[in-house]
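> model this:
(one chain, ligands or ions: 1)
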Amino acid sequence: ATGLITLDDGYANTGSCRSAITFIDGERGILRYRGVPIEDLAARSSFIETAELLIFGQLPDDEERAEFRSLLTENSWLHRDMRKHFDAFPKNAHPMSILSAMISALQSHDLPEHHFTDAMGFREAAANLIAKTRTIAAASYKSHIGQPIVYPRYDLPYAENFLHMMFTQPYRDYETTPEVAHALNMFLVLHADHEQNCSTSTVRMVASGGANMYASVSAGVNALWGPLHGGANMAVIEMLEQIRDGSLSAQQYIDRVKDKKSGAKLMGFGHRVYRNFDPRATILKSAADSMLDSMHITDPLLDIAREVEQAALADDYFASRRLYPNVDFYSGIILRAIGIPMDMFTVMFAIGRTPGWIAQWKEVTDNPGQRIYRPRQVYVGEPQREWKAREDR
Ligand code: SDX
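Below is the predicted model:
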């Protein structure tokens, strides 16, 4: 209706954009961060190395890695006034609402007088946000269960430090196992960025107006919260529990999904871009298998997930709509095995996605030709009409 608009015109009017950060080929199930295949990163890269790759465009050398780690360490603790916010949230506050509010508040506490480029520089601001997102998540959990907030340790890598802050008890230290640390690190790597999805587009939209990084990422957290987006990892577990508790067979649930009147969706299936397997789902499925085996955990929900996947992949309803498992189908199984409470599953996704949001925010902010996003619409409302007081009509 509006005629062909070129990408450049469309850039500001539709939110479509040029980006050098993440490449997805939905037909072939390809995902690369700055050109590096996700399979390589999941197998060999730490989350922080992956974060540096996404944000700064290259995997770090030893000096850069050491410097960024010390920035993370120096910025991993919350300003004492930030901690008062936890007492103000009601005990049943959803962790995603706490996370988005606290990230927005971070700007005021950490950089009250400056826009960060003056005060601490982008590199430290990025480390600050990545470090503190993790600390806020763990602190909100401790506040929620009525335990003292646990300080980060300065000798632990990122994933291990998070587990320490989450699970160290007032009466017992927590030592993670290599399997758990590896599984969490890989989970975070797989969630670090994913091109122009709902929440990342939100971050770019807010950034295009010139908003600071913290405000933009806080908006991304809220967009991710939706059950069709980042909230799907929780919804998958709820779906598997519903099948288990209802003593349903996988096929019975599949048949319910196929009956449109039920309104039921196969959570963790389908994707706007992947018209084949989401490569992250493939990696997470084998990681769930090996992690539970190595930890000698048997999770009936994993067995149900496998049966549901098998039944769905054999059913033309899903094949004809090109619906395959996405990143959320198996991720919840891993988070359960680690011991993450279910209402924090989407927070875990947000912790993983923070480097991607930072990289995308920077790409918009650094673009000299950047114009404010202003998507267009097709108007379908009332034609022009006279104003009449209601009683005259
Ligand atoms: C993420 O974009 C990203 O990159 C997101 C993400 C990232 O890393 O940021 O990958 C993370 O959000 C993954 C998606 C997590 N969400 C879910 O798992 C929720 C369940 N999935 C669906 O809601 C859906 O598949 C979406 C939202 C993921 C995609 O929706 P689309 O592309 O708008 O597809 P659609 O709703 O137009 O569906 C097309 C058809 C419809 O049937 P018909 O009208 O043609 O008969 O497929 C059906 C839909 O009813 N369909 C499903 C289904 N997903 C689509 N039917 C049953 N179960 C499903 N899950």
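> give me the element Ala42 is part of.
helix 38-44 (DSSP states H and E).
> What of Arg28?
Secondary structure assignment for Arg28, by DSSP H and E: no helix or strand.
> shouldn't it be in contact with Asn276?
Yes: with contact defined as CB atoms under 8 Å, Arg28 and Asn276 form a contacting pair (7.0 Å). Where you see a C-beta, it was placed from the backbone N, CA and C, and this is true even at glycine.
> With neighbour numbers in mind, choose between those two.
Asn276 (14 against 11; other CB atoms under 10 Å).
> so how far is the ligand from Ala192?
Distance, Ala192 to the ligand, by CB to the nearest ligand atom, to the nearest Å: 9 Å.
> Can you report phi and psi for that residue?
Here is the backbone geometry of Ala192 (degrees, to the nearest 10): phi -70, psi -30.
> Okay, buried residues for the helix holding Ala42 please.
Buried residues in helix 38-44, counted by 16 or more other CB atoms under 10 Å: 38, 41-42.
> quick check: mean pLDDT across that helix?
Averaged across helix 38-44, pLDDT comes to 97.
> How about stretch 279-288?
95.
> re earlier: the helix holding Ala42: how far from the chain's middle?
Relative to the centre of its chain, helix 38-44 is centred 18 Å away, using CA atoms, centre = their mean, to the nearest Å.
> nearest to the ligand, of the buried residues of helix 38-44?
Ile38 (10.9 Å; CB to the nearest ligand atom).
> Surely the closest one is in contact with Asp25?
No: assessed by CB under 8 Å, Ile38 is found out of contact with Asp25, at 11.6 Å.
> would you put the C-alpha positions of stretch 250-267 in CSV?
Output in CSV follows, covering the C-alpha atoms of stretch 250-267 (Å, rounded to 0.1, in the frame of the first residue of the first chain):
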residue,chain,number,x,y,z
ALA,A,250,2.0,-36.9,24.4
GLN,A,251,-0.4,-37.6,21.6
GLN,A,252,-3.4,-36.6,23.6
TYR,A,253,-1.8,-33.2,24.3
ILE,A,254,-0.7,-32.8,20.7
ASP,A,255,-4.3,-33.5,19.6
ARG,A,256,-5.5,-30.8,22.0
VAL,A,257,-3.1,-28.3,20.4
LYS,A,258,-4.3,-29.3,17.0
ASP,A,259,-7.9,-28.5,18.1
LYS,A,260,-7.8,-24.7,17.6
LYS,A,261,-10.8,-24.3,20.0
SER,A,262,-8.6,-25.4,22.9
GLY,A,263,-6.4,-22.3,22.4
ALA,A,264,-3.5,-24.6,23.5
LYS,A,265,-0.1,-24.0,22.0
LEU,A,266,2.9,-26.3,21.9
MET,A,267,5.1,-24.1,24.0
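> Is Ser104 in a helix, a strand, or coil?
Following DSSP: H, G, I helix; E, B strand; the rest coil, we place Ser104 in the helix state.
> related to what we said a few turns ago, now for the helix holding Ala42, which elements pack on it?
Identification of packing neighbours for helix 38-44 by 3 or more CB pairs under 8 Å, 6 or more residues apart in numbering; DSSP states H and E yields strand 30-33, helix 178-190, helix 279-294.
> Is that helix positioned near the ligand?
No: residues of helix 38-44 are not located near the ligand by CB under 6 Å from any ligand atom, the shortest gap being 10.9 Å.
> I'd like to check what contacts that helix. Which residues are they?
31-33, 50, 53, 186, 189-190, 279-280, 283 (CB atoms under 8 Å, 6 or more residues apart in numbering).
> Also stretch 64-79?
48-49, 52, 56, 60, 109-110, 123-124, 127-128, 130-132, 134-136, 139, 151-152, 154, 158, 161.
> So which bits of the top helix by length along the chain are buried?
Counting residues, the longest helix found in the chain (DSSP state H) is helix 121-144. By neighbour count on 16+ other CB under 10 Å, the buried set for helix 121-144 is 122, 124-144.
> Then stretch 334-344?
Of the residues in stretch 334-344, 334-338, 340, 344 count as buried by neighbour count, 16+ other CB under 10 Å.
> which two from these end up farthest apart in space?
Ala337 and Met344 (14.1 Å; CB to CB).
> before we move on, back to that, in helices, which of the buried residues of stretch 334-344 appear?
Members of the buried residues of stretch 334-344 lying in helices (criterion: DSSP H): 334-338.
> From the ligand, how far out is the spatially closest residue to Ala207 that is not a sequence neighbour?
Of all residues not flanking Ala207 in the chain, Val364 sits nearest, at 4.1 Å (CB to CB, 6 or more residues apart in numbering). Val364 sits 17 Å away from the ligand, going by CB to the nearest ligand atom.
> can you count the residues close to Val364?
21.
> Please apply the same query to Ala207.
Ala207 has 27 nearby residues by other CB under 10 Å.
> looking at it, it is touching Trp361, isn't it?
Yes: using CB under 8 Å, Ala207 is in contact with Trp361, at 4.6 Å.
> what touches both of the two?
Jointly contacting Ala207 and Trp361 under the rule CB under 8 Å, 6+ apart are 213, 216.
> Starting from the helix holding Ala42, tell me the next helix or strand along the chain.
helix 47-56.
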